[in-house]
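> just need the structure, nothing else, for what follows:
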Amino acid sequence: MKKIAIILVFLVSIPVMLNAQNLRFSFLANPQITWLSSDKAEISSDGSLAGLNTGIGMDIFFAENYAFSTGFKLNSMGGCLLYKDSVSVSSEGTEYLANAVSYRNQYLSIPLGLKFKTVEIGYTTIWLNPGISPMFRLKAQASFDNEDEKQNVSEEIALININYFLEAGVEYSLGGNTAIIAGLGYYAGIIDITNHADDKITNGSFALVLGLLF
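Okay, the predicted model is just below:
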């Protein structure tokens, strides 16, 4: 974990080391559909949830059409899991037994991507942005067996989560450096989001990428 933290601090500090003229900001609000998956046959995905991935993006250009892409985002993710046998879930010292668990987690996300852009054609630029997204848990809640009441399950959810992603879309110039951003994004988990040693639960999402570039 210490090595991961050191790497993250170094990567996030990249903008400070580069000329501000090569830096462009964007404000993003990406609605998404999120879900959870398991590596165990007795645990199945039982539906998706709506979420929002919103925040500030930064493109740090090292060549005319190539940039390091990063930023800070609040990412709401989750999904529903169905267990063949009842599972015990801890919440603030209380144990809940359930067959269906619906998780709603919020993360601070620091995406790290490499953006490729075409030259502007008319008012439009096409872009592609693959990368990874380290995320830090801010809040974790769950409801059990289709009940509406949510419980705090932070002790069940790992502090760090990592996704890989692929985003693609267009920028439509409004004049100067201002442009509208529109695209699609696919995100998939790399590591277990839970603190359980006997299974691996990963998240996934599909999003509309919407924003304003400056």
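> where in the protein is the helix or strand with the lowest mean pLDDT?
When each helix and strand of the chain is scored by mean pLDDT, DSSP states H and E, helix 14-17 comes last, with a mean of 48.
> for the helix or strand just after that helix, name the packing helices and strands.
Once helix 14-17 ends, the next helix or strand along the chain (criterion: DSSP states H and E) is strand 23-38. Contacts defined by 3 or more CB pairs under 8 Å, 6 or more residues apart in numbering; DSSP states H and E place strand 23-38 against strand 43-45, strand 49-63, strand 66-91, strand 178-189, strand 201-213. Any C-beta I mention is one placed from the backbone N, CA and C, and that applies to glycine too.
> try 6 Å this time
The contact analysis (3 or more CB pairs under 6 Å, 6 or more residues apart in numbering; DSSP states H and E) places strand 23-38 against strand 49-63, strand 66-91, strand 201-213.
> okay, angle between that strand and strand 201-213 too, please.
Here the directions of strand 23-38 and strand 201-213 differ by 160 degrees (axes from the mean of the first three to the mean of the last three CA atoms, to 10 degrees).
> what's opposite the most centrally placed residue in the chain in the beta bridge?
Centroid-nearest residue in the chain, with CA atoms, centre = their mean: Asn75, separated by 5.4 Å. Per DSSP bridges, the residues bridged to Asn75 are Asn53, Tyr107.
> numbering from 758 from now on, please.
In the new count, where the first residue is 758, that last one comes out as Asn832.
> that one contacts Tyr864, correct?
Yes - Asn832 lies in contact with Tyr864 (CB atoms under 6 Å); the separation is 4.6 Å.
> looking at the helices and strands packed on strand 780-795, which is closest to Lys896?
strand 823-848 (9.0 Å; CB to CB).
> what residues sit buried inside that closest one?
Using 16 or more other CB atoms under 10 Å as the test for burial, strand 823-848 gives 824-828, 830, 832-840, 844, 846, 848.
> now stretch 876-888
Buried positions in stretch 876-888, judged by neighbour count with 16+ other CB under 10 Å: Thr882, Trp884, Asn886, Gly888.
> need these in JSON lines (columns: pLDDT, secondary structure and distance to Ile947).
Shown next, in JSON lines, are the buried residues of stretch 876-888 (pLDDT from 0 to 100; DSSP: H, G, I helix; E, B strand; the rest coil; distance: CB to CB, whole Å):
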{"residue": "Thr882", "pLDDT": "97", "secondary structure": "strand", "distance to Ile947": "30"}
{"residue": "Trp884", "pLDDT": "98", "secondary structure": "strand", "distance to Ile947": "23"}
{"residue": "Asn886", "pLDDT": "98", "secondary structure": "strand", "distance to Ile947": "17"}
{"residue": "Gly888", "pLDDT": "98", "secondary structure": "strand", "distance to Ile947": "12"}
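> out of these, who's nearest Leu785?
Nearest to Leu785 among those: Asn886, at 11.6 Å, using CB to CB.
> for Gly968, see how far away the closest one is.
As judged by CB to CB, to the nearest Å, Asn886 and Gly968 stand 12 Å apart.
> can you check the pLDDT for the residue sitting furthest away from the middle of the chain?
Distance from the C-alpha centroid of the chain peaks at Gly879, with 32.0 Å (CA atoms, centre = their mean). Per-residue confidence (pLDDT) for Gly879: 92.
> residues contacting it?
Gly879 is in contact with no residue at all, counting by CB atoms under 6 Å, 6 or more residues apart in numbering.
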